[in-house]
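Novice: Here is the input, now give the coordinates:
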Amino acid sequence: MKVILLEDVKKHGKKGEIINVKDGYGNYLINNKLAVLETKGSKKILDMQNEAAAQKAAIYLKECQELKNKIEKLTLNFKVKTGKDDQVFGSISTKQIVLELKKNGIDVDKRKINIETPINTLGTTKVEINLHKDVVCNLKVHLEK
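Specialist: Predicted coordinates for the structure are as follows:
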């Protein structure tokens, strides 16, 4: 029996795949709304859904590329308190970077910001932002007294 998976099924396949299973297991998948029987109509619907998903992915990738261009032109300036020998108190966090980006009209999730070493020295530091699995940009963060 050939079925089209509506959800990911462990050890059998991912959503949208067409798999060949035994009749009893196929009925189980269909009754639990994990799959539908493969027919001409269901195959056509699957193809349309895959095409729509590909178009959405292409649009999202284009938006990420545009956002990358905006971010790479930008330099965020932070005024920090310093002590003896220009030692910075604390460090700049991803939350602070996100708030500063929002002031510039850019909305980025803080989990996408990758800070390898703490930003706690005066001067300019580059911070990596993963906008998409294929789009990574560098943001300049400048600390001053």
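Novice: count of neighbours near the residue lying closest to residue 104 once chain neighbours are set aside?
Specialist: In space, residue 104 comes closest to residue 74 once its chain neighbours are excluded; the distance is 6.2 Å by CB to CB, 6 or more residues apart in numbering. The C-beta positions use only the backbone N, C-alpha and C, and glycine is treated the same way. Applying other CB atoms under 10 Å, we find 15 residues neighbouring residue 74.
Novice: where's residue 74 relative to residue 96, distance?
Specialist: 15 Å (CB to CB, to the nearest Å).
Novice: same thing with residue 85?
Specialist: Distance from residue 85 to residue 96, by CB to CB: 23 Å.
Novice: And for residue 90?
Specialist: From residue 90 across to residue 96, the span is 10 Å (CB to CB).
Novice: Point to the residue nearest the middle of the chain.
Specialist: Against the mean C-alpha coordinate of the chain, by CA atoms, centre = their mean, the closest residue is residue 132 at 4.9 Å.
Novice: And it, what's its pLDDT?
Specialist: The confidence metric pLDDT takes the value 90 at residue 132.
Novice: Tell me what it is bridged to.
Specialist: residue 135 (DSSP bridges).
Novice: Can you give me every residue that contacts it?
Specialist: When contacts are counted by CB atoms under 8 Å, 6 or more residues apart in numbering, residue 132 is found next to 60-61, 64.
Novice: coming back round to it: who's more crowded, residue 85 and residue 96?
Specialist: Neighbour tally, residue 85 and residue 96, criterion other CB under 10 Å: the higher count belongs to residue 96, 16 against 5.
Novice: Does the nearest residue to that one once chain neighbours are set aside lie in a helix or a strand, and which?
Specialist: Leaving out its chain neighbours, the residue that sits closest to residue 96 by CB to CB, 6+ apart is residue 78, at 7.1 Å. Per DSSP states H and E, residue 78 falls inside strand 75-79.
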